[in-house]
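**Q** structure of the sequence below:
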Amino acid sequence: METSLFQPNEVHVGQDVEGRAFAVDGEDIARYRAGTASDVGTGGVAPALTYHSECYRNLAWYLPNLIGNLHARQEWELFHPFAVGDAIRSRTTVVDRYRKRNRDYVVAEVLLTDPDGRWLQRSRTHQSFLAETPHGEMVVDRDRERRADRVFTLPEGSGEEIALAPRVVSHAMCTAFSGPSRNYHTDVEMARALGFPDIVVQGMMSVCFVADLLTTRFGTGFLAAGKLDVRLVNVIWPGDAITARGKVREVAAEGSGRRVHLDVWCAKADGTVTVIGTASARG
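**A** Alright, predicted model coming up:
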């Protein structure tokens with residue numbers, strides 16, 4: 001049913017961005033591992049965020065001004081793992097729009113189900129767009145992360161600490177993760193055309209590092225019952241060494257078991273935080 005609430009081609013809450021039907025492919029897992037330097041996803045079970053960029057397959061939910069657009073926040077809920085050969089259906093819907101300071105935000109929700117409709121995962125991607133187009137200037141430069149408002153306090157306390165070994169982001173990883181097409185995550189010229197000094201490492205890569213951290217620690221407890229909510233606060237550039245970390249904040253009873261709540265983050269070698277937020281898993 002058509003409505004007159006929105007202008008033609010206007011990005012709006014409730015917009016159906018469609019989806020697809022596909023089967024989990026071993027090549028998808030191999031591409032994930034090449035793009036994240038990951039060692040999860042063995043034995044045919046797919047890494048938690050194998051289809052991390054499903055929301056970007058159709059950009060009909062993007063606003064027109066692409067100059068300086070950034071991935072701002074990522075939410076994920078996992079309900080059931082999937083393996084090579086499993087049939088999956090995806091559907092993307094715009095579920096929110098809001099403005100903060102000089103940026104407009106659009107939130108796209110992706111639902112992954114099996115053919116019978118069973119929920120496998122639900123994710124929400126918050127993408128930010130400059131409200132006004134800048135003229136002839138870098139909208140995000142390498143010095144931005146040194147500003148006082150880009151420094152973030154890390155959690156303290158006596159909870160269990162977990163970490164992955166640092167992963168140095170290479171151009172090859174960017175191509176595997178965000179390619180093979182030329183875009184501002186894989187090509188310097190295209191990055192500069194959008195107001196960045198260099199390739200912008202896709203924000204979702206840090207989110208995947210955190211998911212790998214939680215999978216390594218909790219296994220099926222994350223793959224079948226995990227939650228993740230992080231803000232992407234500083235840009236990663238090729239050559240940065242990124243370490244994913246977590247600290248247990250609380251362990252709470254949940255039915256016959258327990259849920260472990262954590263603070264999670266990724267940081268560069270110099271301590272610059274790139275993503276920060278919370279997560280939980282059955283543990």
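
**Q** okay, CA-based contacts and neighbour counts for the rest of this
**A** Noted.

**Q** tell me what residue 89 is bridged to.
**A** Counting by DSSP bridges, residue 89 forms beta bridges with residue 21, residue 113.

**Q** relative to residue 67, how far out is the nearest residue to residue 114 once chain neighbours are set aside?
**A** Distances taken as C-alpha to C-alpha, 6 or more residues apart in numbering put residue 88 closest to residue 114, at 4.8 Å, once the chain neighbours are dropped. Here the criterion is C-alpha to C-alpha, to the nearest Å. By it, residue 88 lies 34 Å from residue 67.

**Q** could you do residue 48 as well?
**A** Note on residue 48: its distance to residue 67, by C-alpha to C-alpha, is 31 Å.

**Q** now do residue 163
**A** Distance from residue 163 to residue 67, counting by C-alpha to C-alpha: 34 Å.

**Q** and if you look at residue 109?
**A** Taken as C-alpha to C-alpha, the span from residue 109 to residue 67 is 23 Å.

**Q** give me the most central residue, the protein.
**A** Nearest residue to the geometric centre of the chain (C-alpha atoms, centre = their mean): residue 204, 3.2 Å.

**Q** secondary structure element for residue 71?
**A** Using DSSP states H and E, residue 71 sits within strand 70-78.

**Q** same deal with residue 105?
**A** Taking DSSP H and E as the criterion, residue 105 maps to strand 103-113.

**Q** contacts for that strand next, please.
**A** With C-alpha atoms under 8 Å, 6 or more residues apart in numbering as the test, strand 103-113 has contacts from 54-55, 61-63, 88-99, 119-131.

**Q** could you identify the buried members of those?
**A** Among these, the ones that count as buried by 16 or more other C-alpha atoms under 10 Å are 54-55, 61-63, 88-97, 119-130.

**Q** lowest-confidence helix or strand of the protein?
**A** When each helix and strand of the chain is scored by mean pLDDT, DSSP states H and E, helix 188-193 comes last, with a mean of 89.

**Q** buried set for that one?
**A** By 16+ other C-alpha under 10 Å, the buried positions in helix 188-193 come out as 188, 190-192.

**Q** show me which of the residues you listed is closest to residue 262.
**A** Of all the buried residues of helix 188-193, residue 191 has the smallest distance to residue 262: 34.2 Å, by C-alpha to C-alpha.

**Q** that closest one is in contact with residue 184, isn't it?
**A** Yes - contact criterion C-alpha atoms under 8 Å: residue 191 and residue 184 qualify, at 4.1 Å.

**Q** tell me how far stretch 176-188 lies from the chain's centre.
**A** The chain centre lies 16 Å from the centre of stretch 176-188; the measure is C-alpha atoms, centre = their mean, to the nearest Å.

**Q** now tell me what touches it from outside.
**A** 31-32, 34-36, 171, 174-175, 190-192, 194, 197-202, 205.

**Q** can you map out the helices along this structure?
**A** Applying DSSP state H to the chain gives helices spanning 26-36, 171-178, 188-193, 204-218, 220-223.

**Q** starting at the chain centroid, how far to the last one?
**A** Same thing as helix 220-223. Relative to the mean C-alpha coordinate of its chain, helix 220-223 is positioned 18 Å out (C-alpha atoms, centre = their mean).

**Q** again with the first one
**A** Computed by C-alpha atoms, centre = their mean, the separation of helix 26-36 from the middle of its chain amounts to 16 Å.

**Q** which residues sit against that helix?
**A** Helix 26-36 has contacts (C-alpha under 8 Å, 6+ apart) with 38-41, 44, 46-47, 50, 84, 172-178, 205, 208-209.

**Q** now that helix: buried residues?
**A** Within helix 26-36, the residues scored as buried using 16+ other C-alpha under 10 Å are 26, 28-36.

**Q** quick check, pLDDT for the closest residue to residue 165 other than its chain neighbours.
**A** Leaving aside its sequence neighbours, residue 165 sits nearest to residue 243 (C-alpha to C-alpha, 6+ apart; 6.2 Å). At residue 243, the pLDDT value in this model is 98.
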